[in-house]
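Enquirer: All I have is the shape, not the residue letters:
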């Protein structure tokens, strides 16, 4: 029984959910090429996270802003919205949390509750890309599943060569929706062609391509 007890989490469920979702967001941005090392090193474990943010974390303190490794002026801001409904006034509060509006390319919102139509309309008018994730969708990193194939975005030259080789237009390829969970994780844009490499114990390697729509 003593061994089992060591696996019991005696902390708050709220802090655990925030820890898991924040960790997934950091991993997601790392996979997109953003510089998250500093933020990731601050909270390497659940205990460290609770030591820093407490058992009932202030959701505003969980946010952060990072730059792209290849394009430092390309900034993305992450904001946790808390458990209250997101209204028009909430959007104004979110904008006040933005660190660098001039270089901001994307805003990622981690939400836990409903968003009003007025709030959505305000977000749609933003001069930067807005991505909305529910916190429950980030408790597990879907790309780490053992059966998940490898996804790579083709460069413009690679895409052109592929389409020329098979005498195709991009939309004649199999499609992947921009709203697909994997597409959302990597932040794919419409028109991009994704190389998907499958491998496993029953198949050595199999490559397919999909166009984002």
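Expert: Here it is on my side, so go on. Since we're looking at a predicted model, the values are computed, not measured.
Enquirer: Partner strands of whichever strand in the chain runs longest, with direction?
Expert: For the chain, the strand that runs over the most residues, judged by DSSP state E, is strand 203-212. Paired with strand 203-212 in the same sheet, following DSSP bridges, are strand 175-176 (parallel), strand 193-200 (antiparallel).
Enquirer: Quick one: closest of these to residue 167.
Expert: strand 193-200 (15.0 Å; CB to CB). Backbone N, C-alpha and C define where each C-beta goes, glycine included.
Enquirer: so how far is the closest one from its chain's centroid?
Expert: 20 Å (CA atoms, centre = their mean, to the nearest Å).
Enquirer: buried sites along it?
Expert: For strand 193-200, the neighbour count (16 or more other CB atoms under 10 Å) marks 193-196 as buried.
Enquirer: next one: stretch 113-123
Expert: Buried, per 16+ other CB under 10 Å, within stretch 113-123: 115, 119, 122-123.
Enquirer: now the angle from the helix or strand containing residue 162 to strand 203-212?
Expert: Using DSSP states H and E, the element containing residue 162 is helix 156-166. Helix 156-166 and strand 203-212 are oriented at 100 degrees to each other (axes from the mean of the first three to the mean of the last three CA atoms, to 10 degrees).
Enquirer: from the chain's centre, how far out does helix 156-166 sit?
Expert: Worked out by CA atoms, centre = their mean, helix 156-166 lies 28 Å from the chain centre.
Enquirer: Check stretch 31-48 too.
Expert: The answer for stretch 31-48 is 14 Å, by CA atoms, centre = their mean.
Enquirer: likewise stretch 62-80?
Expert: With CA atoms, centre = their mean, you get 12 Å for stretch 62-80.
Enquirer: contacting residues around it?
Expert: 18, 21-22, 25, 29, 32-36, 39, 53, 59-60, 94, 97-100, 103-110, 135 (CB atoms under 8 Å, 6 or more residues apart in numbering).
Enquirer: before we move on, the earlier item: for the helix holding residue 162, could you pull out the residues that count as buried?
Expert: 159, 162-163.
Enquirer: per the record, what domains does this structure have?
Expert: 10-140, 143-212 (automatic domain parsing).
Enquirer: okay if I get these as TSV plus mean pLDDT?
Expert: Shown next, in TSV, are the domains of the chain (pLDDT from 0 to 100):
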stretch	mean pLDDT
domain 10-140	93
domain 143-212	93
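Enquirer: which one of those is the most hemmed in?
Expert: domain 10-140 (a mean of 16; mean count of other CB atoms under 10 Å).
Enquirer: I'd say residue 194 and residue 158 touch.
Expert: No - using CB atoms under 8 Å, residue 194 is not in contact with residue 158; the gap is 11.0 Å.
Enquirer: At which residues are the helices of the protein located?
Expert: Assigned by DSSP state H, the chain shows helices spanning 2-5, 13-31, 37-42, 46-53, 88-96, 117-124, 156-166, 181-186.
Enquirer: Those into TSV, with extra columns for distance to residue 144?
Expert: Formatted as TSV, those follow (distance: least, CB to CB, whole Å):
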stretch	distance to residue 144
helix 2-5	26
helix 13-31	8
helix 37-42	15
helix 46-53	17
helix 88-96	29
helix 117-124	29
helix 156-166	26
helix 181-186	11
